[in-house]
Structures are given as C-alpha cells and as structure tokens.
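Q: following is a predicted model, sequence given first.
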Amino acid sequence: MLSHFSLINTTSSSLSSSFSFSLSRFSIRRPPKFHFYPYPFFNFSSSPPRLFPSFRFAAGGRVPMDSPAQDLPPSVDSLTHDLKNQTLESHSSGPADRNHHAKPRLKLEDLNWDHSLVRELPGDPRTDSFPREVLHACYTKVSPSAEVDDPQLVAWSESVADLLDLDHKEFERSDFPLLFSGGSPLVGALPYAQCYGGHQFGMWAGQLGDGRAITLGEILNSKSQRWELQLKGAGKTPYSRFADGLAVLRSSIREFLCSEAMHHLGIPTTRALCLVTTGKLVTRDMFYDGNPKEEPGAIVCRVAQSFLRFGSYQIHASRGEEDMGLVRALADYAVKHHFPHIENMSKSESLSFSTGDEEHSVVDLTSNKYAAWAVEVAERTASLIASWQGVGFTHGVLNTDNMSILGLTIDYGPFGFLDAFDPRFTPNTTDLPGRRYCFANQPDIGLWNIAQFTTTLSAAQLINDKEANYAMERYGNKFMDDYQAIMTKKLGLPKYNKQLIGKLLSHMAVDKVDYTNFFRLLSNLKADTSIPEDQLLVPLKSALLDIGRERKEAWTDWVKAYIHELSTSGIPDEQRKISMDSVNPKYILRNYLCQTAIDAAEVGDFGEVRRLLKLIERPFDEQPGMEKYARLPPAWAYRPGVCMLSCSS
C-alpha cells in the first residue's frame, strides 16, 4: 500500500472498533487485528504481532509513490507550524554537533540543580530501599548504596559535559570516580528512584521501577535546558525486587558506547556522561543456565532531558480510580517542562483533523492539550523507530517500560546492529522463541506500545477514544513518511521507489549482505547507463561475497534499474556520493567491537573503550587508519554472549 512495508487489512473492523480486555483493574486497548509486515517477502515461522490498522489518512492525505523525497510532509513539524510556527523543542541533542561551547566552565560544585520532578510530584513517604509496592507516589527518595573500592574512571563524554556546562578538567579530579560511583554525594543532588510499571513481552508485569538506577536530579544549563543525571548500577531501591541493584562492566560499556554512538548517528537517545568501575565484583548468570560467575562491577552516569516512560503512567492507571489523578499530574508535568509549545497553544487557532471514519468525525487538538501531547508522543516514537530501521538497529527489549515519552532510545540491554541483513534478527536470547522484538517487528511493536499508552490516558479521562485512535493513525503516517524519506536518502534516489527498495532488501536478505557496508559502498556506483554489464557489480564486490551466477544476474538486474533511476536525477556522481555518505555510516558499534573493548577492560585496559568512543563520534567520516573497525565480524563474533545476549547485567 505505502512501500515495501505492507498494511494489510485482515478484518472488516474499522479503527474505531478497538477492543479492550480487563487487566489489573483497567482496560488495555489493542488496535484492531491487522497485519503490519515490514518485510512481506519473508515467511516468518511465527507471525509478527497483528497490530497495524489499514488507516485512511484524511489528515493531509498520503504521499504518491513517485513524490520527491523532499516533498514528504513532516507530520509533527506541520503540526507545530500551525501553532504559530513554533518549532519542536529538541527531544534529544540531535546529530553530532561539532560547534560545542568554546570552553565548558563549571565545576561540579557549581552545577545548577533544580529538582522539578521531586518538587512538583508526590513522593513515597518512606526513604528506605526495602523491596515493596510503592503506592500513590511517582518516586522514592533513595541514595546510592553500591559498595565501592578504589573506583576508576573508564571513559567519559566531553560533548555531554558541554551540555551541562561542565569543565572538562573536572574529569581529572581525583574524587571524580568516587562521586560518580555514588561513593560520595554530589553537592546539590537530591537522589530518587522512579516508580513505573510496564508490559514485558506483551504481558502486564505490574510495578517495575528503577531497580538499579538512581536519578541524582536535574541540572539547568546556560541555555535553560533541563538535563537529568542518573547513576545506573548504584544499588538497591524499593523497586529492585529480588535483584541487587548493581551492574557489571560488560553491560555498562555497551550502554555507555551505544548511547554515544546513537547520538552521533543522529538518532534520539539518552546520553552517557561517564563510566566508572566500582572495584567490586558482581555475580551474574549471563545465560540463565545455572552457571553464574563474578564480573567487575560498574556504574554509568546516564543523561536525558527526562527518564519518564510509558510505564510511568501505566502503573498509576493500573491501580484504579484512587491513583488516576497521578496520571494527570504526570501528564501536566511532562507537558509543562518538556512540551511547552503544547502548553502554550492558542485556543483561537484551530488545529483539527478529520479522522476519516464514516461519520466524518473531527479531532481538534487545540481543544485538548492531552490529545495534542499523545499525538506528538506517537509521532516521536514513530520517527525514532523509522530511524532505527534506517540504520539497522535492533533494540531487543521494546517493553513499554523501555519506551521514552520524549521519543528517545532508552535502556540499552541486548541491543544489536545488523551485520548480515536478516529481518528476523533479534539480539535477545530471551526473545528467540517468538522473536517478538526482532528487527522487522519493531514498527508494529511501536504501535502496540502506543496503544497501551493511549489506553492509560483514556482510563484517566484525559483523551477520548477518537483522540486515542487518531494518535495511532498519526503513528502510522509519521512512520511511513520518515522511513520512506530515510531509505530514499540512503539510496541517493531523486524520489521514493517502492519496487526498487523492496527488491534491494529482498536481495540483501537472500544473500545475507552486510547492511552497513553495502549502503556505504553503494555511493561508489556511477549514474552511467553505458557501463558494461560485467563491470556493474565491481564497486560492490566486497559486500557481495560468495554469490553464484544466478544471484549475480539478479544483482546485475537490480543495479541496472538502480543506475537508470539515478540517471534521471541529473545530480552529479560526486555530489550524490557526499550526500549518501552523510547518511550511510562507515562505522557502527558492532557487537564484536564492544566485546573486544570489554575483554580488554575486564583486565584493566580501558584504551579500547576510549578508542571506540572516538571512532563512533565520527561515524560518517572515512577516518584513515581506522578501516579495520569497518570489517565484517570474525567467526568468533557469532558465539553466544557476543552477537546475542540476555538481559542479565
């Protein structure tokens, strides 16, 4: 219908016919039973979730398949233009910004702490870390408690320090590792752990919360941006359940590096200021096979404008009428501090859209700020997942408690970037039986999670059914717009071409072509239809390995069609190459690269972690001398614990 992604209506139900089922004292909405197959040319052994409606996009219509990429309408951007041309506040710090402050200037003691969440929302009257159900509260004040013994600074991000106006010399302080391991309190901090719930693998899990992450508080920088600092692995909280609240070095290195890698790829994400070892050992059973071992402990300082997630709202709605007020309070807090353009909407300006149903119903977003907020959360989520699909990133655990209301990539566990292209790839060993969270299913899961989020807002009577359905419709619209634009740019095409891109992905899957290297090589093709047939695949030969004659013919036919399409644009080869190389990275954080850095760090050598950090800060640059980091994974990279991991950390 819209691209090689298929929206296939499998029932006669309309979008408004969402059904509900009772669960933990509140109803969970599911979108009607439709199939959304991101890669319809593959036969899945088990079908992906049946979630995506066949929307009738009445709000602005759809984009013809032959429309130029630059004409794709930005859904949420057009919404904000209607709000007196206000632009969306950045929900991440965006792509790598090389125009940092000239010099960070503040010492740790001079940071401007604010603590709005603690000030404006109700907290737990208890401050102990004893595992328990925390009722009628959004957080619990609790201090870091991880034992430390001569903690060491492993790595740090100067660009994150710049966000905080922090002087880079502060990383050289002898007490810096102690402060960021929680061994010594930071002046001005007011630590707490957040209460939230969530759906895990599609099942309601009840209260979850920050079981090992302790937020130190919020810092306001010189630009009045709000940044929360959080220590992950800092010890027990009331939400730790049976766990120890600690983290190990291997998972901490992965989270630190991937947070920064995603940012420099231009993908919204939480950030990481620093990584320290605790000097203590932590027992973990990596494969859940009854063979635990001791590993070095570590703590990452995560940074985000907010760590609120879908589950922050779900937990209170799940507890019935008594806690519905907390859903509203959290929504008001989020809109006030993180979506101020919605808070300041003018009621005199109509921002209404037809839902396209039989009654020609209209949703007016200016009449209900919560509906406008739900739509923006849905569109940010869609845009985020489209960017993941474009770069070949698989999150691995898209539970609702791992979904940011700001549309950030959050909670890096068993993630993985695609090596050989496989739509069914999942980096999570726990996910293997059903592959619920595999690469191809991520767009569907995003919609499923949005459905649970809008159900929560509906239960609290913040939005009605039509507004909830419209938010889901906008998710679909925004995802398709962004994904089409991303793939068009990746191929350097003058306009989106459904058939050409669909065939390409099919060929890549059949021949297990390396996703990153192939797209990077693609910019070397010339838009010259006179190139001899036996020379067409030469620029791609290092990616098209071990293919027989039949497959060479298939690839040759595709390259012919591709070159023909390029030749219609009139864009010079050199100009197109620069454009394509700016969106197709040469370097990604492959799992085996992480493992190499982990192996060295576990014996006290942090050099490779720091080298990888420098590498991923410039993913689109050639970086002469670093070519080995773009090589295909070695054979050992496919062993368990490297290419696939569990959630144990």
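A: Thanks, I have the structure now. Numbering: from 1, shown residues only.

Q: where do the strands sit along the stretch 51-200 of the chain?
A: Secondary structure of the stretch 51-200 of the chain (DSSP state E, counting those that start in this stretch): strands at 139-140, 152-156, 193-194, 197-200.

Q: Throw those strands into a markdown table and include mean neighbour count, thanks.
A: C-beta here means a position set from N, CA and C on the backbone, and glycine is covered the same way. Shown next, in a markdown table, are these (neighbours: other C-beta atoms under 10 Å):
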| stretch | mean neighbour count |
| --- | --- |
| strand 139-140 | 25 |
| strand 152-156 | 20 |
| strand 193-194 | 28 |
| strand 197-200 | 23 |
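
Q: can you lay out those as a markdown table showing mean pLDDT and distance to T455?
A: Shown next, in a markdown table, are those (pLDDT from 0 to 100; distance: least, C-beta to C-beta, whole Å):
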| stretch | mean pLDDT | distance to T455 |
| --- | --- | --- |
| strand 139-140 | 98 | 23 |
| strand 152-156 | 98 | 40 |
| strand 193-194 | 98 | 21 |
| strand 197-200 | 98 | 11 |
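
Q: T283: which element?
A: Using DSSP states H and E, T283 falls within strand 271-284.

Q: distance of F439 relative to H168?
A: Distance, F439 to H168, using C-beta to C-beta, to the nearest Å: 37 Å.

Q: break this protein down into its domains, please.
A: As recorded under the TED database, the domains making up the chain are 108-315, 340-345+364-489, 494-570, 591-637.

Q: kindly check the end-to-end length of the last one for me.
A: So that's domain 591-637. Taking C-alpha to C-alpha, to the nearest Å, domain 591-637 runs 8 Å from one end to the other.

Q: distance between that domain and the chain's centre?
A: Centroid displacement of domain 591-637 relative to its chain, using C-alpha atoms, centre = their mean, to the nearest Å, is 22 Å.

Q: returning to what we had before: closest to K552 out of the strands of the stretch 51-200 of the chain?
A: Set against K552 and scored by C-beta to C-beta, these come closest in strand 152-156, at 44.2 Å.

Q: by contact count, what packs against that closest one?
A: On a contact count with 3 or more C-beta pairs under 8 Å, 6 or more residues apart in numbering; DSSP states H and E, strand 152-156 meets helix 176-179, helix 249-264, strand 271-284, helix 607-616.

Q: out of those, which is the most enclosed?
A: Neighbour counts (mean count of other C-beta atoms under 10 Å) averaged over each of the helices and strands packed on strand 152-156 peak at helix 249-264, with a mean of 25.

Q: could you dump the helices and strands packed on strand 152-156 to TSV with mean pLDDT and distance to E467?
A: Below are these laid out as TSV (pLDDT from 0 to 100; distance: least, C-beta to C-beta, whole Å):
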stretch	mean pLDDT	distance to E467
helix 176-179	98	45
helix 249-264	97	31
strand 271-284	96	32
helix 607-616	98	40
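
Q: and W388, which of these is closest to it?
A: Once these are compared by C-beta to C-beta, helix 249-264 is nearest, at 9.0 Å.

Q: now for R212: which residues touch it?
A: Shown in contact with R212 (C-beta atoms under 8 Å, 6 or more residues apart in numbering): 232-237, 240, 243-247.

Q: 7 Å instead, please
A: 232-234, 240, 243, 245-247 (C-beta atoms under 7 Å, 6 or more residues apart in numbering).

Q: just the buried ones from those?
A: 232-234, 240, 245-247 (16 or more other C-beta atoms under 10 Å).

Q: and those, which is closest to G182?
A: Closest to G182, out of all of those and judged by C-beta to C-beta, is A234, at 4.4 Å.

Q: quick one: mean pLDDT for stretch 314-325?
A: The average pLDDT for stretch 314-325 rounds to 96.

Q: how about it: buried residues?
A: Neighbour count says stretch 314-325 has 314-319, 323-324 buried, by 16+ other C-beta under 10 Å.

Q: show only the entries of those residues found in helices.
A: 314-317, 324 (DSSP state H).

Q: dump these to CSV, plus distance to L398.
A: CSV is the format used below for these (distance: C-beta to C-beta, whole Å):
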residue, distance to L398
Q314, 14
I315, 18
H316, 21
A317, 20
M324, 26
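
Q: of those, just say which sits nearest to S224.
A: For these, the nearest to S224 is H316 (29.1 Å; C-beta to C-beta).

Q: wait, doesn't that closest one sit right on A329?
A: No. With contacts defined as C-beta atoms under 7 Å, H316 does not count as touching A329, sitting 8.8 Å away.

Q: which secondary structure element is home to G209?
A: Using DSSP H and E, no helix or strand contains G209.

Q: hmm, back to that, next step: the contacts of R212 restricted to helices.
A: Per DSSP H, the subset of the contacts of R212 in helices is empty.

Q: lowest pLDDT pick from the residues you listed?
A: Where pLDDT dips furthest among the contacts of R212: A243, at 93.

Q: how about it: what's its closest non-neighbour residue?
A: G211 (5.6 Å; C-beta to C-beta, 6 or more residues apart in numbering).

Q: now the phi/psi pair for that neighbour, please.
A: Note on G211: backbone dihedrals following degrees, to the nearest 10 are phi -80, psi -20.

Q: please name the nearest non-neighbouring residue to K526.
A: That would be D573: by C-beta to C-beta, 6+ apart, it lies 5.2 Å from K526.

Q: burial measure for the one you found, as a count.
A: The number of residues packed near D573 is 15, by other C-beta atoms under 10 Å.

Q: is it correct that it is in contact with D528?
A: No. Under the criterion of C-beta under 7 Å, D573 makes no contact with D528, lying 8.2 Å away.

Q: who touches both of the two?
A: Contacts common to D573 and D528, judged by C-beta under 7 Å, 6+ apart, are absent.

Q: before we move on, the earlier item: just name the most buried of the domains of the chain.
A: Highest mean neighbour count of those: domain 340-345+364-489, a mean of 23 (counted as mean count of other C-beta under 10 Å).

Q: averaged pLDDT, that domain. What do you get?
A: Here the average pLDDT along domain 340-345+364-489 is 96.

Q: quick check: end-to-end length of that domain?
A: 32 Å.

Q: distance between it and the chain's centre?
A: Its chain's average C-alpha position is 9 Å from that of domain 340-345+364-489, according to C-alpha atoms, centre = their mean.

Q: before we move on, what about stretch 146-164?
A: Stretch 146-164 has its C-alpha centroid displaced from the chain centroid by 23 Å (C-alpha atoms, centre = their mean).

Q: ok, stretch 494-512 next?
A: The answer for stretch 494-512 is 24 Å, by C-alpha atoms, centre = their mean.

Q: hmm, who's touching stretch 391-404?
A: Stretch 391-404 has contacts (C-beta under 7 Å, 6+ apart) with 196-200, 208, 265, 267, 309-311, 314, 381, 388, 410-411, 413-418, 425-428, 431, 437, 439, 442, 445, 449, 452, 515-516, 585, 647.

Q: and the helices in the stretch 501-649 of the chain?
A: Secondary structure of the stretch 501-649 of the chain (DSSP state H, counting those that start in this stretch): helices located at 515-522, 549-567, 573-581, 591-601, 607-616.

Q: L166 reaches L106, doesn't it?
A: Yes. L166 lies in contact with L106 (C-beta under 7 Å); the separation is 5.6 Å.

Q: looking at the contacts of stretch 391-404, which are in strands?
A: 197-200, 416-417 (DSSP state E).

Q: want to throw those into CSV with distance to S458?
A: Listed next are the ones in strands among the contacts of stretch 391-404 as CSV, based on distance: C-beta to C-beta, whole Å:
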residue, distance to S458
G197, 17
G198, 18
H199, 16
Q200, 22
G416, 35
F417, 36
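
Q: just give me the closest of those residues to D162.
A: Top of the list for closeness to D162, among the ones in strands among the contacts of stretch 391-404 and by C-beta to C-beta, is F417 at 26.2 Å.

Q: re earlier: among the strands of the stretch 51-200 of the chain, which comes closest to G183?
A: strand 152-156 (11.9 Å).

Q: separation between M487 and T366?
A: Computed as C-beta to C-beta, the M487 to T366 distance reads 34 Å.

Q: alright, that wraps it up for me.
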